[in-house]
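Enquirer: Quick one, structure for this:
(2 chains)
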Number of protein chains: 2
Amino acid sequence: MRVPGRLVSALRKEERYLIATHISPDGDALGSSLALAEALSSIGKKVVLYDRDPVPRNYQFLPGWKKFSADLKKALRDDPVLVILDCNGPERAALEGISFRKTIVIDHHETERNFGDLRWVEKEAAATGIMIHALIKSLGIGITPSMAGSLYTAIAVDTGTFRFSNTSAPVLRAAAELVTAGAEPNAIAEYLYETWDSRRFRLFVMAMNTMERIDGVAIIHVTSDMFSESGASAEDTENFANLPRRIDDVRIAAMFRQTGPGEWKASLRSKGTVNVARIAEQFGGGGHKNAAGFRIKADLATAKRLLRDAVRKTRRSDKG
Amino acid sequence: MRVPGRLVSALRKEERYLIATHISPDGDALGSSLALAEALSSIGKKVVLYDRDPVPRNYQFLPGWKKFSADLKKALRDDPVLVILDCNGPERAALEGISFRKTIVIDHHETERNFGDLRWVEKEAAATGIMIHALIKSLGIGITPSMAGSLYTAIAVDTGTFRFSNTSAPVLRAAAELVTAGAEPNAIAEYLYETWDSRRFRLFVMAMNTMERIDGVAIIHVTSDMFSESGASAEDTENFANLPRRIDDVRIAAMFRQTGPGEWKASLRSKGTVNVARIAEQFGGGGHKNAAGFRIKADLATAKRLLRDAVRKTRRSDKG
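Expert: Predicted coordinates for the structure are as follows:
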């Protein structure tokens, strides 16, 4: 991966930055932003971190996470250069309609729009964290233990801790470098995966008890009543659909989470070549090949039936 | 890690080998043995692979796994040199009382006995697979894609795919080298973690429904009736106790699995500094600090009560 020289020059030249990342931030968004903010601060730059949404509880171990602010007015005060990370359009970062004197985009998602004065988009990069790691080295800045922890978390989250198909030799080498620089793999894994509270465990078991198989799709659901009974919240349901997906002959796992009376958010997870983004699109949703979602207004039985129909239709068109 | 020169010389000199590993073999035992067998075969040695127990279903993706034989007579026919891997005593490999003209031990567990003519035991190695990787390179043998896959699996299993505290920079660098040599991280992770059958899923949910908290210990159980009802088997329960261990204020998770009328096998899993081996020892069992087990004859309620008492006793002695 080659870091663009004019990006390095621009970051050296400018003095004030607003680093923003996407709404509903994940580990890659947060870890990449925090590491770059620390690196730029270390060479005397003024940096503000912005996200519309709060840092989720399970990422509140990241060094400096409290520096994220949702106060846009404050963020814009010094006429900063915008650096937008892990997404490539202003609306994904809740910055639509705001103009900046200069905008830098650093992302690894598929490019959707022509936004930014300086764009560095590496679709093949496993994580934005891999790019920021290379960038900080190109800036000649030493990786501190806290930068290393943030970047390791970014990479760990976007590769499923080295389980997804984007896990390559360069990814593992970058991870090794970050451990040498002070990242602690076990502590990070414990923060990411071993800190369920008992309400979340309770809701998880309740959700798994609802599992049913419809035409090769494993479906679970979480109703408002189940949220009340368990005391858990919506963010606790993240990745619940991964367990039914483990079943060997399941290609698609779906979770319906109730968001209001007769309103559901569906999360789809698939294995291998099954593209659930194409199914989600039929309901006005979207996502990636193996992880997508959509919203639907219907009673639960109807929502499940419509999903089943959409899966069938996609299968037919795949064959046709 | 330094590979002993006399080990390399010995392996070059001898012509016939019996590679044996421990009973109830895991991914490190199997992957290390298969990689070393392939390497030695590639330089013209005759190699037989022995394990008393069959290769578990979830490791039947390893290249060459069918070469493992439980036929000891056949294994001993050519007066081979014994190479014992991932354990360091003959009884762990079901070879007690048999004499060999030469015995080589390669292991990363704590040494318990003085067995073998040539011992290479690296307590600090994350996996025997790390040692075999270094050994094959020292022998000047190129790592093939199948060796790489076997060694990557060995390392992945013993580090929890890079989540345990033994995940170091050298471990990640070795993993990177193995990916370059042809190991496929995503395929291996899917084989290891994404191939539950539906009976296993059913038993998992039934087991989680039994979860109860007694004095900070999360306890689940699996009865013979639950095995019958789900159709799952004992090996399906591997790592079930890891889920309740995720709960943030749980330090010890235990699973009681019924092995007969009034007979149970208890598996203990702990977090951080809590040493469950010391608890298991009170019942004549043993294991490691964070993963141990014991057998007990009692009704379930009594077994749980005795465990609770042992935990209390250990806590008191920790404080005393």
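Enquirer: can I assume residue A:171 is in contact with residue A:126?
Expert: Yes: with contacts counted by Cβ atoms under 8 Å, residue A:171 reaches residue A:126, the gap being 4.9 Å. For glycine as for every other residue, the C-beta is placed from the backbone atoms N, C-alpha and C.
Enquirer: Mutual contacts of the two, please.
Expert: Contact with both residue A:171 and residue A:126 is made by residues A:155, A:159, according to Cβ atoms under 8 Å, 6 or more residues apart in numbering or on different chains.
Enquirer: Which helix or strand lies directly C-terminal to the element among helices and strands of chain A having the smallest mean pLDDT?
Expert: For chain A, scoring each helix and strand by mean pLDDT, DSSP states H and E identifies strand A:286-287 as the least confident one, at a mean of 78. Past strand A:286-287, heading to the C-terminal end, the next element that is a helix or strand (DSSP states H and E) is strand A:291-297.
Enquirer: Report the buried residues of the helix or strand that that following strand is followed by.
Expert: Sequence-wise, the next helix or strand downstream of strand A:291-297 (DSSP H and E) is helix A:300-319. Within helix A:300-319, the residues that count as buried by 16 or more other Cβ atoms under 10 Å in any protein chain shown are A:300, A:303-304, A:307-308, A:310-311, A:314.
Enquirer: Now render those residues as a markdown table, adding pLDDT.
Expert: Formatted as a markdown table, these follow (pLDDT from 0 to 100):
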| residue | pLDDT |
| --- | --- |
| A:300 | 97 |
| A:303 | 97 |
| A:304 | 96 |
| A:307 | 96 |
| A:308 | 93 |
| A:310 | 94 |
| A:311 | 93 |
| A:314 | 84 |
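Enquirer: Could you export these as TSV, including distance to chain B?
Expert: Formatted as TSV, the entries for those read as follows, by distance: Cβ to the nearest Cβ, whole Å:
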residue	distance to chain B
A:300	20
A:303	22
A:304	18
A:307	20
A:308	18
A:310	23
A:311	18
A:314	21
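Enquirer: and residue A:250, helix, strand or coil?
Expert: When the structure is reduced to helix, strand and coil (DSSP: H, G, I helix; E, B strand; the rest coil), residue A:250 reads as coil.
Enquirer: residues touching it, list them.
Expert: If you count contacts by Cβ under 8 Å, 6+ apart, then residue A:250 has A:213, A:216-218, A:244, A:271 around it.
Enquirer: Can you turn the buried part of those into a ChimeraX selection?
Expert: Selection command for ChimeraX covering only the buried members of the contacts of residue A:250, criterion 16+ other Cβ under 10 Å:
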select /A:217,218,244,271
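Enquirer: What about the contacts of residue A:250, which are in strands?
Expert: A:213, A:217-218 (DSSP state E).
Enquirer: quick one: which of the contacts of residue A:250 is nearest residue B:289?
Expert: Within those, the smallest distance to residue B:289 is 32.6 Å, found for residue A:244 (Cβ to Cβ).
Enquirer: and that closest one, how far is that from chain B?
Expert: Plainly put, residue A:244 is 7 Å away from chain B if you go by Cβ to the nearest Cβ, to the nearest Å.
Enquirer: ok, that residue - contacts?
Expert: For residue A:244, the contact set (Cβ under 8 Å, 6+ apart) comprises A:208, A:211, A:218-220, A:250, A:253, B:201.
Enquirer: quick one: least confident of those residues?
Expert: Lowest model confidence among the contacts of residue A:244 falls on residue A:250, which carries 91.
Enquirer: need the helices for chain A, in chain order.
Expert: With DSSP state H as the criterion, chain A has helices at A:5-13, A:27-42, A:72-76, A:128-138, A:145-158, A:169-180, A:185-193, A:198-209, A:224-230, A:242-245, A:276-281, A:300-319.
Enquirer: Which among those is found nearest to residue B:139?
Expert: Closest to residue B:139 of the helices of chain A, according to Cβ to Cβ: helix A:169-180, at 22.4 Å.
Enquirer: now the residue nearest the centre of chain A, nearest residue through space, not along the chain?
Expert: In chain A, the C-alpha nearest the mean C-alpha coordinate belongs to residue A:26, at 3.7 Å (Cα atoms, centre = their mean). Nearest in space to residue A:26, with sequence neighbours left out and distances taken as Cβ to Cβ, 6 or more residues apart in numbering or on different chains, is residue A:157 at 5.9 Å.
Enquirer: confidence score at the one you found?
Expert: 94.
Enquirer: And for it, the neighbour number?
Expert: Residues contacting residue A:157 under the criterion other Cβ atoms under 10 Å in any protein chain shown number 21.
Enquirer: Run through the residues that contact it.
Expert: Contacts of residue A:157 were listed using Cβ under 8 Å, 6+ apart, and they are A:26-28, A:31, A:127, A:192.
Enquirer: ok so, going back, list the strands paired with the least confident helix or strand of chain A, with their directions.
Expert: Counting by DSSP bridges, the strands paired with strand A:286-287 are strand A:291-297 (antiparallel).
Enquirer: Contact residues of the stretch 201-320 of chain A facing chain B?
Expert: Where proximity means Cβ under 8 Å from any Cβ of the partner chain, the interface of the stretch 201-320 of chain A facing chain B comprises A:201, A:204-205, A:208-209, A:211, A:213, A:243-249, A:271.
Enquirer: give me that answer again for 7 Å
Expert: A:201, A:205, A:208-209, A:244, A:246-248, A:271 (Cβ under 7 Å from any Cβ of the partner chain).
Enquirer: ok, of those residues, which one's closest to residue B:260?
Expert: Using Cβ to Cβ, residue A:205 is the member of these that sits closest to residue B:260, with 27.6 Å.
Enquirer: close enough to count as contact, the closest one and residue B:207?
Expert: No: with contact defined as Cβ atoms under 7 Å, residue A:205 and residue B:207 do not form a contacting pair (9.8 Å).
Enquirer: okay, residue A:110: pLDDT?
Expert: Here the pLDDT value assigned to residue A:110 is 69.
Enquirer: do residue A:166 as well
Expert: In this prediction residue A:166 is given a pLDDT of 90.
Enquirer: Pretty sure it sits against residue A:159.
Expert: Yes: between residue A:166 and residue A:159 a contact is recorded at 5.6 Å, counting by Cβ under 7 Å.
Enquirer: of those two, who's got more company?
Expert: residue A:159 (26 against 19).
Enquirer: any idea how far that one is from chain B?
Expert: In this structure, residue A:159 and chain B are 8 Å apart, going by Cβ to the nearest Cβ.
Enquirer: Could I get the contacting residues of the residue lying closest to that residue once chain neighbours are set aside?
Expert: Using Cβ to Cβ, 6+ apart and skipping the chain neighbours, the partner closest in space to residue A:159 is residue A:167 (4.9 Å). Residue A:167 is in contact with A:126, A:159, B:185-186, counting by Cβ atoms under 7 Å, 6 or more residues apart in numbering or on different chains.
Enquirer: just residue A:278 next, same as before
Expert: Contacts of residue A:278 by Cβ under 7 Å, 6+ apart are residue A:314.
Enquirer: Could you do residue A:130 as well?
Expert: Going by Cβ under 7 Å, 6+ apart, residue A:130 touches A:155, A:171, A:174.
Enquirer: Equivalent analysis for residue A:275, please.
Expert: Residue A:275 makes contact with residue A:289, according to Cβ under 7 Å, 6+ apart.
Enquirer: Over to residue A:252?
Expert: A:217, A:268, A:270, A:274, A:276, A:311.
Enquirer: how far away is the nearest residue to the first one once chain neighbours are set aside from chain B?
Expert: Spatially, and ignoring its direct neighbours in sequence, residue A:217 is nearest to residue A:252 (4.7 Å; Cβ to Cβ, 6+ apart). As for residue A:252, its distance to chain B is 13 Å (criterion: Cβ to the nearest Cβ).
Enquirer: Give me the pLDDT for residue A:252.
Expert: 95.
Enquirer: now it, which residues is it bridged with?
Expert: Under the criterion used (DSSP bridges), residue A:252 bridges to residue A:217, residue A:270.
Enquirer: circling back: what residues are shared contacts of residue A:166 and residue A:159?
Expert: residue A:126.
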